[in-house]
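Peer 1: Below are the sequence and a predicted model for it; my questions follow.
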Amino acid sequence: MPLLSAADLAELAARHAPARHVVARLSTGTIGALLASWDAGLPVLVTPTGERPPTAPPPTGTHTLVPTSGTSGAPKVAVITRSNVDAAVAASTKRLGNTGADRWLLALPLHHVGGLSVLWRSVAAGGAVLLHERYDAVRAAAALRNGEATIASLVPTMLDRLLAADPGPYPEVKVLLGGAAAPGTLVRRGLDAGLLVLPTYGLTEACSQVATVVPGEERASLGTVGPPLDGLDVTITGEGRISVDGPQVSPGYLGEPPRSGPLVTGDLGRVDGAGRLVVLGRADDVIVTGGEKVWPQHVEDVLREHPGVDDVAVFGEPDEEWGQRVVATYAGTAGRQELESWARTRLARHAVPKDWRTASAIPRTPLGKVIRSALARPS
């Protein structure tokens, strides 16, 4: 796909009739229709190919309707207003420092807010967007290495494949890394290759970014997703859930009453002494075994440090004795006994998996989230 500047995008918008429902394939026609609809003040619903749009009318002032990922149940359609977008773009630009001179590599799907937000930020800054219709790690690595792109939005799986295709060294290109939990080993590999890897935590309901590592503090921030963006009030509830409020947070979901008060997410977290957010994982993923809590993301990070593990997913399954047993499914060359010994020296006894399974690959969503339901055995 060509390199499109803000002026190119505006010209495309002028050539396409406004459309309320847009099937988000990554094409110049789709982007033109999106921008034309926004410019005309029409709400845009973005969905994956083949999905039917909801029938509920959007509230007055709606800018974009974006389905959530559905990680905590059936997907809902978040109502995004123009003021939400403006606040999100301003806060993101202040954190990342992107300007009209930047060229942003975009290979994320446009039916996710992560892909849409790249367009919003780039158009606002007057910068260019480098569009890749499909993610090709070799092509993406070349774009970062040769300066064709100066900033990129990737999910962990994308970065892992990029570094496998070309381990670098790279120029100091900013890589906004989100969509799923970023393993510490992966972040360090990216930093060692010369990339400015910036882990981020975001929500559809917050127009993508909630917290992002501050450029220049990459190594000091390892294990965190950095401080919240300016203008966002991020707190931790008594149950340990991440709560978000501020001008970029959606007023609610299509067909539901407007939100009242802060948005309490399904994610667990804490704030460290430097004000950086640490995401512990999904509340509904926590494993309670023998009365002890186990955080799958922490166990995965430890197991992924083993040189014989390419990828891993940890989850709980019903167990008559323990309530739940910890299960690890991994891809790689490590043997079970070897990996279990590794885990026993690095994890609390109750966190060591009791069941080990191998797989050729770990099933993930397009944004890199583990599909744990596809791994669990029927009860």
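Peer 2: Ah, there it is.
Peer 1: can you tell me how far the residue nearest to Tyr330 when sequence neighbours are not counted sits from Gly97?
Peer 2: Leaving aside its chain neighbours, Tyr330 sits nearest to Val312 (4.1 Å; criterion: CB to CB, 6 or more residues apart in numbering). (Glycine included, C-beta is placed from N, CA and C.) For Val312, the distance to Gly97 equals 35 Å [CB to CB, to the nearest Å].
Peer 1: who's more crowded, these two?
Peer 2: A direct count of neighbours by other CB atoms under 10 Å for Val312 and Gly97 places Val312 higher, at 25 against 14.
Peer 1: check contacts around the more buried one.
Peer 2: With CB atoms under 8 Å, 6 or more residues apart in numbering as the criterion, the residues that contact Val312 are 300, 303-304, 328-332, 362.
Peer 1: Restrict the residues you listed to the buried ones and give me that as a PyMOL selection.
Peer 2: This is the PyMOL syntax for the buried subset of the contacts of Val312, where burial follows 16 or more other CB atoms under 10 Å:
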select buried, resi 300+303+304+328+329+330+332+362
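Peer 1: In strands, which of the contacts of Val312 fall?
Peer 2: 328-332 (DSSP state E).
Peer 1: Output these as CSV; include the columns pLDDT and distance to His63.
Peer 2: As requested, the ones in strands among the contacts of Val312 are arranged in CSV below (pLDDT from 0 to 100; distance: CB to CB, whole Å):
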residue, pLDDT, distance to His63
Ala328, 93, 43
Thr329, 93, 40
Tyr330, 93, 42
Ala331, 92, 41
Gly332, 92, 44
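Peer 1: and which of those is nearest Ala149?
Peer 2: The shortest approach to Ala149 among the ones in strands among the contacts of Val312 belongs to Ala331, at 29.2 Å (CB to CB).
Peer 1: Count the residues that sit near the closest residue to Ala220 other than its chain neighbours.
Peer 2: Distances taken as CB to CB, 6+ apart place Ala274 nearest to Ala220, at 8.0 Å, with adjacent residues excluded. Residues within reach of Ala274, counting by other CB under 10 Å, total 11.
Peer 1: so what pLDDT did Ala274 get?
Peer 2: For Ala274, the model assigns a pLDDT of 96.
Peer 1: part of a strand, is it?
Peer 2: No. According to DSSP: H, G, I helix; E, B strand; the rest coil, Ala274 belongs to no strand; its state is coil.
Peer 1: out of everything not next to it in sequence, what's closest to Thr99?
Peer 2: Nearest one to Thr99, counting by CB to CB, 6+ apart, is Ala125 at 5.7 Å.
Peer 1: what's the distance between that neighbour and Gly97?
Peer 2: 10 Å.
Peer 1: Please report phi then psi for Leu271.
Peer 2: Not quite, residue 271 is Val, not Leu. Per-residue torsions, Val271: phi -110, psi 130 (degrees, to the nearest 10).
Peer 1: Do a quick rundown of the strands in the stretch 51-200 of the chain.
Peer 2: Assigned by DSSP state E, counting those that start in this stretch, the strands in the stretch 51-200 of the chain fall at 62-67, 77-81, 103-106, 128-131, 151-154, 174-177, 196-203.
Peer 1: cool, and the stretch 201-350 of the chain?
Peer 2: Under DSSP E, counting those that start in this stretch, the stretch 201-350 of the chain gives strands at 208-212, 233-236, 241-245, 252-253, 263-271, 277-282, 287-289, 292-294, 309-319, 323-332.
Peer 1: ok, and which of the ones you listed has the densest surroundings?
Peer 2: The highest mean neighbour count among the strands of the stretch 201-350 of the chain, using mean count of other CB atoms under 10 Å, belongs to strand 208-212: a mean of 28.
Peer 1: now that one against strand 241-245, angle please.
Peer 2: 110 degrees (axes from the mean of the first three to the mean of the last three CA atoms, to 10 degrees).
Peer 1: Which elements pack onto strand 208-212?
Peer 2: helix 82-96, helix 113-125, strand 196-203 (3 or more CB pairs under 8 Å, 6 or more residues apart in numbering; DSSP states H and E).
Peer 1: rewinding a little: for Tyr135, see how far away the residue nearest to Ala220 is.
Peer 2: As defined by CB to CB, Ala274 lies at a distance of 33 Å from Tyr135.
Peer 1: Any idea how many residues pack against Asp284?
Peer 2: 11.
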